[in-house]
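**Student:** Sequence plus the predicted model coming up.
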Amino acid sequence: MERSIATTKGKVSIAYTGKDQVSLPNLEEAINRFTSKSGKEITHWTPVSLDKRIEIISERSKIKPSIMLMCKLNIYEDASEALHGTLCGSLFHLGVFSPGTKLSDPNDLLQHYTSLKTTIFWTCGLLTHDLFTLINEKHSNIEDIYIKSNEFTKIAINEMKKAAKYNEETKGFD
């Protein structure tokens, strides 16, 4: 199993060089399972697309797909663009696509970054609640945690609604 990345100026590689250095049960099976025919690492645990995984989760549980889809759209896709070094990914984090953001104004950029961080923290909390919902639904031994999570999620949603309304009314943050 080998991984590498190259530019015109050079190449960096890492490789698994031998099983004799590690002794774990089922190691050979795991290596074979996560190594492609060409010898490269298989990085996805499933060939099913992210959209299809979200659909399957929502079909097989009480979890609504809206939060996962929002995270995919608002976080995953932008982060993926940035990680792949696209122009869109580079410019997104500068606030270019946020209406009214002036790149020359440090306060506008601070507002943009605050908005990004708030969205990430908020959606992480909602995804954590979805995870508690799923675990409670399938194993029902965490009902106390689920109930508290549900209470905090309702509070968080109400606070975000207030913040969105305030932002709309004032056209910005203090």
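**Tutor:** Thanks, I have it.
**Student:** just checking, what's the longest helix in this protein?
**Tutor:** helix 106-139 (DSSP state H).
**Student:** buried stuff in that helix?
**Tutor:** Applying a neighbour-count criterion of 16 or more other CB atoms under 10 Å, one finds 108-109, 111-112, 115-116, 122-123, 125-127, 129-130, 132-134, 136 buried in helix 106-139. Bear in mind the C-beta positions are built from the backbone N, C-alpha and C, glycine included.
**Student:** helices or strands next to that helix in the packing?
**Tutor:** Packing partners of helix 106-139 (3 or more CB pairs under 8 Å, 6 or more residues apart in numbering; DSSP states H and E): helix 66-71, helix 143-170.
**Student:** closest to residue 5 out of the ones you listed?
**Tutor:** Between residue 5 and those, the shortest separation by CB to CB is 27.3 Å, and it involves helix 66-71.
**Student:** what element comes up after that closest one heading to the C-terminus?
**Tutor:** Of the helices and strands lying after helix 66-71 in sequence (DSSP states H and E), the nearest is helix 77-83.
**Student:** Just the CA atoms of the following helix or strand past that next one, as CSV, please.
**Tutor:** Following helix 77-83 in sequence order, the next helix or strand is helix 87-92 (DSSP H and E). The C-alpha atoms that make up helix 87-92 are tabulated as CSV, following Å, rounded to 0.1, in the frame of the first residue of the first chain:
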residue,chain,number,x,y,z
LEU,A,87,-10.2,29.4,-7.1
CYS,A,88,-13.6,29.1,-5.6
GLY,A,89,-12.2,27.4,-2.5
SER,A,90,-9.5,30.1,-2.1
LEU,A,91,-11.9,33.0,-2.5
PHE,A,92,-14.7,31.6,-0.4
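**Student:** helices or strands next to helix 87-92 in the packing?
**Tutor:** helix 77-83.
**Student:** how far out from the middle of the chain is the helix it packs on?
**Tutor:** With CA atoms, centre = their mean, to the nearest Å as the basis, helix 77-83 stands 10 Å off its chain's centre.
**Student:** buried set for it?
**Tutor:** Applying a neighbour-count criterion of 16+ other CB under 10 Å, the buried positions in helix 77-83 are 78, 81.
**Student:** Contacts only, for the most centrally placed residue in the chain.
**Tutor:** The residue at the geometric middle of the chain, judged as the C-alpha nearest the mean C-alpha position with CA atoms, centre = their mean, is residue 76 (4.9 Å). If you count contacts by CB atoms under 8 Å, 6 or more residues apart in numbering, residue 76 has them with residue 50.
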